[in-house]
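> Need coordinates for the following:
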Amino acid sequence: MKQTSFASLEYAGKKRVTRREKFLGEMQRVVPWPRLLGLIEPHYPKSGRVGRPPIGLERMLRMYFVQQWYALSDEALEDALYDSHALREFAGIDLAREQVPDATTLLKFRRLLEQHDLGRAIFGQINQHLSEQGLLMRGGTMIDATIIAAPSSTKNKDGQRDPEMHQTKKGNQWHFGLKAHIGADSDSGAVHSVHVTAANESDVANAHHLLHGQESDVHADAGFTGVDKRDEIKAAQDEGRIKADINWHVAERRHKIKLMPEGLIKDLRQALERVKAQIRARIEHPFHIVKNIFGHKKLRYRGLAKNASQLNVMFGLVNLVLLKRPLLALQGTAAP
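Residues are numbered from 1 along each chain as shown. Okay, the predicted model is just below:
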């Protein structure tokens, strides 16, 4: 029988539930743990080898998710687990019986996910879970992209910036980093496609990566003007990967509307653009969660592959945050 420590008893006696505890409690209920553990288990080291036995898989996965939710480095996560009882309870760590896994252990777990492309697989398994719950529709798709900055410092071993990142100009400002392209369900707002490129890649050239093939309507901003004439889209339609009769709802460029003569036609066109903008606005929610709630405003790792693996996991977790209320309702648990 596991003995309860005095610290745990004191913590259990407090009256106020913090926002962190509430969030972790919700994630405990909505994350499809058995599905994800079954996905990673075949690749995870087994006990019986020479040396220190591996940490439990579920504990490592929970620690990895905490790292994404709170934008922590490996060392910062180790410190946070020592500091926060709520995080230790979520990860299943009892300091009276064991120590927190060190930063190197988490580094090895992250490399395991990258080596076997498990970040993309985790994203797919979460979306499969949402589809089975009837929460991921496939009628329409919204597509967009956002730039995530990379460190521009050259104070490293190579003496140069990350060669896989590039700079691009947006408005009057230059940005250095990568671009995360996503396709999201127009009904629920959940992300179903993620594609990562250098920041200088155009939005419209990567549109074919963001369609799942079952949508009849696609909503996009003015950066995707002419998408229906792209060779990549036509090739995908010829191969049957996407529908040939997609309705493209692409925003008109503002200067074209300004040049229209005043009158009823211009008023109707402006009203139509407002309706299209209201539909597209939902795709900004995943970007808001990643950058502002999860705090992922700047890249932590070098290279597109490592960051693509992390972003796939992040957008999978974003979907669980976006749809936590219906998920909890399906379980018969009301969201606080």
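
> which secondary structure element contains residue 305?
According to DSSP states H and E, residue 305 maps onto helix 304-322.

> ranges for the helices of this structure?
With DSSP state H as the definition, the chain shows helices at residue ranges 6-12, 19-30, 33-40, 57-69, 74-83, 85-91, 103-115, 118-132, 231-238, 254-258, 264-280, 284-288, 304-322, 324-330.

> Contacts made by the fourth one with the rest, please.
When contacts are taken as C-beta atoms under 8 Å, 6 or more residues apart in numbering, the neighbours of helix 57-69 outside the stretch itself are 23, 27, 31, 33, 36-37, 40-41, 44, 72, 74, 77, 80-81, 87, 90-93, 101, 105-106, 109-110, 113, 294, 296, 310, 313-314, 317. Backbone N, C-alpha and C define where each C-beta goes, glycine included.

> about what we covered before: quick one: which of the helices of the chain is nearest residue 194?
Residue 194 sits nearest to helix 304-322 of all the helices of the chain, at 5.2 Å, using C-beta to C-beta.

> Mind giving me the packing neighbours of the closest one?
With contacts taken as 3 or more C-beta pairs under 8 Å, 6 or more residues apart in numbering; DSSP states H and E, helix 304-322 sits against helix 57-69, helix 103-115, helix 118-132, strand 173-185, strand 191-198, helix 284-288.

> And the average pLDDT for stretch 99-106 is what?
For stretch 99-106, the mean pLDDT works out to 91.

> for stretch 303-315, same thing?
Averaging pLDDT along stretch 303-315 yields 96.

> for that stretch, the distance to its chain's centre please.
Stretch 303-315 has its C-alpha centroid displaced from the chain centroid by 8 Å (C-alpha atoms, centre = their mean, to the nearest Å).

> if we look at that stretch, which residues are touching it?
Stretch 303-315 has contacts (C-beta under 8 Å, 6+ apart) with 64-65, 68, 113-114, 117-120, 122-123, 148, 162, 164-165, 178, 180, 182, 191, 194, 196-198, 286, 290, 294, 296, 299-301.

> Pull out the buried positions in it.
Neighbour-count burial for stretch 303-315 flags 303-304, 306-315 (criterion: 16 or more other C-beta atoms under 10 Å).

> Tell me the spacing between residue 246 and residue 181.
17 Å (C-beta to C-beta, to the nearest Å).

> and if you look at residue 73?
Separation of residue 73 from residue 181 (C-beta to C-beta): 26 Å.

> more crowded one of the two?
Higher neighbour count among residue 73 and residue 181: residue 181, with 21 against 13, using other C-beta atoms under 10 Å.

> No further questions, thank you.
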